[in-house]
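Undergrad: show me the folded form of this:
(chains A, B and C)
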Amino acid sequence: MNQPIPSSSPSGDLQLDSQGRLQHLLDIEGLNRSMILTILDATHSFISANNQEIKKVPLLAGKTVCNLFYEASTRTRTTFELAAKRLSADVLNINIGTSSTSKGESLLDTVRNLQAMQCDMFVVRHQESGAAHFLAEHVAPHVSVINGGDGCHAHPTQALLDMYTIRKHKPDFQQLKVAVVGDILHSRVARSQLHALRLLNTGEIRVIGPRTLLPTSLSSRGVKVYQDMDSGLRGVDVVIMLRLQEERMAGGLLPSRQEYFQLYGLTQERVKLAKADAIVMHPGPVNRGVEIESEVADGPQSVIMEQVTTGIAVRMAVMSIALANRQNRKLVLPGEVDA
Amino acid sequence: MNQPIPSSSPSGDLQLDSQGRLQHLLDIEGLNRSMILTILDATHSFISANNQEIKKVPLLAGKTVCNLFYEASTRTRTTFELAAKRLSADVLNINIGTSSTSKGESLLDTVRNLQAMQCDMFVVRHQESGAAHFLAEHVAPHVSVINGGDGCHAHPTQALLDMYTIRKHKPDFQQLKVAVVGDILHSRVARSQLHALRLLNTGEIRVIGPRTLLPTSLSSRGVKVYQDMDSGLRGVDVVIMLRLQEERMAGGLLPSRQEYFQLYGLTQERVKLAKADAIVMHPGPVNRGVEIESEVADGPQSVIMEQVTTGIAVRMAVMSIALANRQNRKLVLPGEVDA
Amino acid sequence: MNQPIPSSSPSGDLQLDSQGRLQHLLDIEGLNRSMILTILDATHSFISANNQEIKKVPLLAGKTVCNLFYEASTRTRTTFELAAKRLSADVLNINIGTSSTSKGESLLDTVRNLQAMQCDMFVVRHQESGAAHFLAEHVAPHVSVINGGDGCHAHPTQALLDMYTIRKHKPDFQQLKVAVVGDILHSRVARSQLHALRLLNTGEIRVIGPRTLLPTSLSSRGVKVYQDMDSGLRGVDVVIMLRLQEERMAGGLLPSRQEYFQLYGLTQERVKLAKADAIVMHPGPVNRGVEIESEVADGPQSVIMEQVTTGIAVRMAVMSIALANRQNRKLVLPGEVDA
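TA: Below you'll find the predicted structure:
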């Protein structure tokens, strides 16, 4: 759990079929550059579709998508729910925390049952790293699994929407300096972002955070590690703030909110250390005055709301690509003509 | 909060665009008579549509309606949910009480995020008076806000469905004596009803309740105030009972349930004081034996179930009118022909 | 409540119209053999439909189905929700346990209100035996009621899906020996299964369980009663395990989990006592290691997952048949041609 970037994982095999097509989305690791670009391009089609008068496309009509959330998350669940509904799927929300009968039941039994009810796709969020992989190993051949966040491991749709947002503003990743700020060690968001930034050949990747929250393995993998916020921000094109998980502070790994803000809070002053046209990102929900100042979160360099909008489109893209591959259907994206 | 009918409010400006068309529905105050009649006429079209074999119309197809409920209310939320679904919208229910991530988040941050997810309409219920206005001030130009009840302030869709119900049975408001009975002071329902009754030029408006629960400003505004139930009911055409909010009794503002029923409970005996063809209304859910006797609630003069049915149609009317105006689309009501 | 199989009940009258057509599904008792076969045949059409690329059929388009659950049950609620959505109905989920305003309200008031909102069908689960009958007595003429489980009384859709599953594997009921194992006395599932097995002229019906949990009336009604698991299983074609309701153990009616498993747990050894091609059934969710061993639940003779799949189809069949009859519409099943 505390090895945020293991050097190898079996997820590549599981995610891709023998022709290298996406079957499940479990982790950025195991994907290649061209697959990421394919997803970002498809995301673009869905962003256009979402700007239409009628935001629905029939790509998943008659399919059932099950949101299986073992960790409460209104925000992420909502984006997957809206993405599925805009693809015309039927959506089933199962919140295990509040659900009675499933409580004593194992993850696998729950999924086998929902699969027997002919669910076509599971979006799973789970406190255990590896939960999504585990499901992908066990689902039926026509069922696809999307990782909505597992433990400290991965949050691939978040990383993909972040890459789309960066590319829109700064298309040439090789020229970019990108800094990720916060609790890198425990963040599944950071872990997936770092993988994606590397696959896209980002010029320089930096992480900034307290020494206790920086994995030691990072520097050997080409990531520049900063404990000092000001040094780390200097000259970057993109600042990605992580959400502070307050429960970490109880364990003594983090200083108080005030102290954290003083050391790593993104203020207007600090933004000036980055390039003049740098963009500021955050996965949300924002803890105003803890990891970021309101003036920055709502300021002209913030693209936080854009990230939210992209979040719907990237999930529509991933869901329709994975399920079309998995069920061997041809996918015609919005705006494309079926030849 | 305790001034149920302030003499002026800025809501008119916010609710209407420069051509006087409805953009948001926040409060009956600020609307004019002709707009209320327009909504009641549209409600009539939707009541006919709801009697069809297939109750769905495609007026909000491809649109997303978000029910944002900061106060628990299965009943009201259900009517908005059904109204939106029968308009073919996608519906997102967010119950802030039970939602985790949104808990620490401000109302505005929650709405900004949902708006970034391309929600087209917010139905908001909130314990704070003015919450819906606040949202309407801050949403994007294509997004419409409907007030589903805010603090002690307003509950405009309830008032509109009540006016529809009265008009159906007693079309000439100028000839009517209407009594509203209960905790007038704290009731957003009463406040919106009184505004609507005045706009429709109701012949005589009475309020009946304990002295502590009657706003002093009312008599100066042409409303007849009664502390004695029997005198107040005498000769009226319409009796509107309010729901007793039991939490008020803890504060000593109200007598016990038994005492309240004795003083202000609507019994079969008391109904006889009203006109022989008077109708009895209640916004529901009914506290049987507290504010109203079962024999009256279920009796021949009760139109309580009609109110519920009208509640769906009036919400369909308001939602489709406001969103069409807000998004500059022509609205063709069910049964109309697009010329 | 403790008379699982009363010799007569008025439900037949209520369930069928004057021409003997199904209006509500409340109980297997009161149905006849031909009606059960009609439902099983319709179930077959829906199983085929659910295997299509697009699983939706428009049989309930524009209709509103309300799941009214007074007992928490994610599993059963989910199957009714999916069944209704695949019939293209709008679905309203009301969980009374978590719903605020409905709490103080009577079942009848809740239903009257939902009916006034033009719900067409109620699926009701309630801790009181007879709740579904009560509703069926009071709903409007165009509204249909499906019993999703009431107290210790009946769970007819479960029994129907079980009969479908048995018939698929062992079509000739007259040749079959079927054993139902567990807490027969308190089980609404068992009660409905026994009625259905009798209506289908099952060759031999056995129940197996601790003496305290076996209704004394059974043997006089042609059911063979066994307290010894091994004797009861010998030579049967079908083993139906019941879910152990752990709350019963608190009352001293049941031994500990370990002891129960030793006496009545279905192990691989015990399965060998049944016929070599016997099938093993369980309504789910399975308590592994309590009423059944994992190796049996997941083994080659288990048809438990098939039961789940059938559960969706049988509910689609019952909902579309009952509502078509109730609303006097001709029903054209998937795959049939409207002549």
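
Undergrad: can you list the domains in chain A?
TA: Chain A breaks down by automatic domain parsing into domains covering A:11-153+A:309-326, A:156-306.

Undergrad: got the residues of chain A near chain B?
TA: Proximity of chain A to chain B (Cβ under 8 Å from any Cβ of the partner chain) is limited to residues A:50, A:52-56, A:72-75, A:78-79, A:81-82, A:85-86, A:98, A:284-287, A:305-306, A:308-309, A:311-312. Quick note: C-beta positions are derived from backbone N, CA and C, even for glycine.

Undergrad: how about a cut-off of 6 Å?
TA: By Cβ under 6 Å from any Cβ of the partner chain, the part of chain A that sits against chain B consists of A:50, A:54-56, A:72-75, A:82, A:85, A:285, A:305, A:308-309, A:312.

Undergrad: need the domains of chain A in TSV with mean pLDDT, distance to chain C and mean neighbour count, can you?
TA: Shown next, in TSV, are these (pLDDT from 0 to 100; distance: least, Cβ to the nearest Cβ, whole Å; neighbours: other Cβ atoms under 10 Å in any protein chain shown):
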stretch	mean pLDDT	distance to chain C	mean neighbour count
domain A:11-153+A:309-326	92	3	21
domain A:156-306	93	24	19
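
Undergrad: turn those into a markdown table, columns for distance to residue C:293.
TA: Shown next, in a markdown table, are these (distance: least, Cβ to Cβ, whole Å):
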| stretch | distance to residue C:293 |
| --- | --- |
| domain A:11-153+A:309-326 | 14 |
| domain A:156-306 | 37 |
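
Undergrad: and the lengthiest helix in chain A, what other elements does it pack with?
TA: Across chain A, the longest stretch assigned as helix under DSSP state H is helix A:304-326. If you count contacts as 3 or more Cβ pairs under 6 Å, 6 or more residues apart in numbering or on different chains; DSSP states H and E, helix A:304-326 packs onto helix A:33-50, helix A:74-86, strand A:144-150, helix A:156-169, helix B:107-116.

Undergrad: wait, residue A:92 touches residue A:65, no?
TA: No. When contacts are counted by Cβ atoms under 6 Å, residue A:92 is not listed as touching residue A:65 (7.2 Å).

Undergrad: and residue A:334, how far from residue C:191?
TA: Going from residue A:334 to residue C:191 by Cβ to Cβ, to the nearest Å gives 52 Å.

Undergrad: tell me the contacts of the closest residue to chain B within the stretch 1-150 of chain A?
TA: Closest contact between the stretch 1-150 of chain A and chain B, by Cβ to the nearest Cβ, is at residue A:54 (3.0 Å). Residue A:54 sits next to B:61, B:62 when contact means Cβ atoms under 6 Å, 6 or more residues apart in numbering or on different chains.

Undergrad: ok, now residue A:326?
TA: Residues in contact with residue A:326 (Cβ under 6 Å, 6+ apart) are A:23, A:144.

Undergrad: element containing residue A:195?
TA: helix A:188-199 (DSSP states H and E).

Undergrad: tell me how far the most centrally placed residue in chain A lies from chain B.
TA: The centre of chain A sits closest to residue A:158, judged by Cα atoms, centre = their mean, with a distance of 1.7 Å. Residue A:158 sits 14 Å away from chain B, going by Cβ to the nearest Cβ, to the nearest Å.

Undergrad: need the strands for the stretch 151-300 of chain A, in chain order.
TA: A:177-181, A:204-208, A:224-226, A:238-241, A:279-281 (DSSP state E, counting those that start in this stretch).

Undergrad: I'd like to know which elements the second one is packed against.
TA: Just to be clear, that refers to strand A:204-208. Where contact means 3+ Cβ pairs under 6 Å, 6+ apart, strand A:204-208 is packed against strand A:177-181, strand A:224-226, helix A:229-233.

Undergrad: and if you look at the first one?
TA: Here strand A:177-181 touches helix A:188-199, strand A:204-208, strand A:238-241, going by 3+ Cβ pairs under 6 Å, 6+ apart.

Undergrad: now the angle from that strand to strand A:204-208?
TA: Using axes from the mean of the first three to the mean of the last three Cα atoms, to 10 degrees, the inter-axis angle of strand A:177-181 relative to strand A:204-208 is 20 degrees.

Undergrad: parallel or antiparallel, which strands does strand A:177-181 pair with?
TA: Strand A:177-181 has these partner strands in its sheet, going by DSSP bridges: strand A:204-208 (parallel), strand A:238-241 (parallel).

Undergrad: so which residues make contact with it?
TA: For strand A:177-181, the external contacting residues (Cβ under 6 Å, 6+ apart) are A:190, A:193, A:197, A:202, A:204-208, A:232, A:236-241.

Undergrad: next, the angle from it to helix A:156-169.
TA: 140 degrees.

Undergrad: give me the angle between strand A:177-181 and helix A:188-199.
TA: Using the same axes, to 10 degrees: strand A:177-181 against helix A:188-199 is 170 degrees.

Undergrad: name the nearest residue to residue A:61, ignoring sequence neighbours.
TA: Once flanking residues are discounted, residue A:61 sits nearest to residue A:88: 4.1 Å by Cβ to Cβ, 6 or more residues apart in numbering or on different chains.

Undergrad: next one: residue A:148
TA: Nearest non-adjacent residue to residue A:148, counting by Cβ to Cβ, 6+ apart: residue A:125, 4.0 Å away.

Undergrad: who does the host helix or strand of the one you found pair up with?
TA: Using DSSP H and E, residue A:125 maps to strand A:121-126. The strands beside strand A:121-126 in its sheet (DSSP bridges) come out as strand A:64-69 (parallel), strand A:144-150 (parallel).

Undergrad: now those strands in a markdown table, with distance to residue C:261?
TA: Output for these, formatted as a markdown table (distance: least, Cβ to Cβ, whole Å):
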| stretch | distance to residue C:261 |
| --- | --- |
| strand A:64-69 | 29 |
| strand A:144-150 | 33 |
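
Undergrad: figure out which of the ones you listed is closest to residue C:22.
TA: Closest approach to residue C:22 among these is made by strand A:64-69 (27.0 Å; Cβ to Cβ).
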